[in-house]
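> Can you look at this prediction? I've put the sequence above it.
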Amino acid sequence: MVSATKPTTRLRQLLLRPKAILSLGAQDCFSALIMEQAGLEMLFLGGFGAAASLLGLPDVGLLEMNQMADQVRRISQRVSVPVVADADTGYGDLHNVAHTVRTFESSGAAGLLLEDQTHPKRCGHFPGKSLISCDDMVMKWKAAVDARKDPDFVLIARTDARAVEGFEKAAERMNAYLEAGADVGFIEAPQSESELRQIPNLFNKPMLVNMLSGGLTPILPAQELERLGYRIVVCPVESLMVTAQAIRELARDLLETGRVDHLAAKTGSFHDLKSLLGLEGIMGLKDRLKAREP
């Protein structure tokens, strides 16, 4: 799928429609390809998935900015749908935030998330989080907006204040971040359906919601979240969960039966896999070039 519209502009267009954008966590090029071909209109590269894929470690601030930017670049070069990337805390102070925005933008991301935790951050559904001050985070947002070159590049403000300061303080922080120039808001880990239902009505900009299976937030269907007013619905780690279970089953059957072809036959053929990866187009390059010769 090739689009003449640049990914940043396409994401802006998607945010303007009443229909919510549904997204999964795409931790690498392979999962991104599958999701794009399945019809997803936006992909989310989260810190949890990237840390798991690149390091085999949890999301506790171990992933460096350049590692994340390189993963953004690999994925965005292979798919045409917008890729939104998790920029954690911006990897430092104001100059680090500005550098992160410029780097992610040049890496091909259509947008990024920036959060108000102290460094090193923790996954939003882990205990023991701490926050920088609201005033310091507002300055980070001003630095992010100032660093942006493409006006369509989408800046998503995340606050983890619900777990630390409570729901009302989280809403106050979010208002401040949006006023400082963030394009989309995201209150991480609301803890009840009542809080989920309130959030879109509290702000005058689009809101993202995180539907983490087994996390702190109640799970609602995407259609209900759309009706409530959310513009982006992300399921961030479920692709990892499904992959982990599938590979466990594959390894168990190999050890127990000595073969796995019966499992592979259920999921798709080798031909399907080659097609997904675009093998025919690559192998046909020589013939296409010859056909153009006078």
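Thanks, I have the structure now.
> Run a quick neighbour tally on the residue lying closest to Ile187 once chain neighbours are set aside.
Closest residue to Ile187 apart from its sequence neighbours, by C-beta to C-beta, 6 or more residues apart in numbering: Ala170 at 5.2 Å. All C-beta atoms are positioned from the backbone trio N, CA, C, and that covers glycine. Ala170 has 25 neighbours, counted by other C-beta atoms under 10 Å.
> same check, this time on the one 10 residues further on
Residue neighbour count, defined by other C-beta under 10 Å, stands at 18 for Ala180.
> In terms of pLDDT, where does it sit?
At Ala180, the model reports a pLDDT of 98.
> Please name the nearest non-neighbouring residue to it.
Per C-beta to C-beta, 6+ apart, closest to Ala180 is Trp141, 3.8 Å.
> my read is Ala85 is in a strand, agree?
Yes: read with DSSP: H, G, I helix; E, B strand; the rest coil, Ala85 is one of the residues of a strand.
> Might you list the low-confidence residue ranges for this structure?
1-3, 120-128 (pLDDT under 70).
> Break it down into its domains, please.
What automatic domain parsing lists as the domains of the chain is 7-237, 244-291.
> Could you tell me the end-to-end distance of the first one?
So that's domain 7-237. Here the two ends of domain 7-237 are set 23 Å apart, with distance taken as C-alpha to C-alpha, to the nearest Å.
> tell me the secondary structure for Arg259?
Look at Arg259: counting by three-state DSSP, its state is coil.
> I'd like to know how far the closest residue in space to it that isn't next to it in sequence sits from Ile247.
Leaving out its chain neighbours, the residue that sits closest to Arg259 by C-beta to C-beta, 6+ apart is Asp253, at 7.5 Å. Per C-beta to C-beta, to the nearest Å, Asp253 is found 11 Å from Ile247.
> Out of the domains of the chain, indicate the one that is most buried.
domain 7-237 (a mean of 19; mean count of other C-beta atoms under 10 Å).
> Return the distance of the residue nearest to Arg259 relative to Thr8.
Taken as C-beta to C-beta, the span from Asp253 to Thr8 is 44 Å.
> can you give me the strands for the stretch 51-200 of the chain?
Counting by DSSP state E, counting those that start in this stretch, the stretch 51-200 of the chain has these strands, from start to end: 83-86, 111-115, 154-159, 184-187.
> Dump the ones you listed to TSV, plus distance to Gly46.
Shown next, in TSV, are these (distance: least, C-beta to C-beta, whole Å):
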stretch	distance to Gly46
strand 83-86	5
strand 111-115	8
strand 154-159	11
strand 184-187	12
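> Return the residues in contact with the residue positioned nearest the centre of the chain.
Note on the chain: the residue nearest the mean C-alpha position is Phe44, at 2.1 Å, using C-alpha atoms, centre = their mean. Phe44 is in contact with Ser23, Leu24, Gly25, Ala26, Val83, Val84, Ala85, Asp86, Val234, Pro236, counting by C-beta atoms under 8 Å, 6 or more residues apart in numbering.
> how about a markdown table for those, with distance to Ile219 added?
A markdown table is the format used below for these (distance: C-beta to C-beta, whole Å):
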| residue | distance to Ile219 |
| --- | --- |
| Ser23 | 15 |
| Leu24 | 14 |
| Gly25 | 15 |
| Ala26 | 20 |
| Val83 | 24 |
| Val84 | 21 |
| Ala85 | 24 |
| Asp86 | 21 |
| Val234 | 12 |
| Pro236 | 13 |
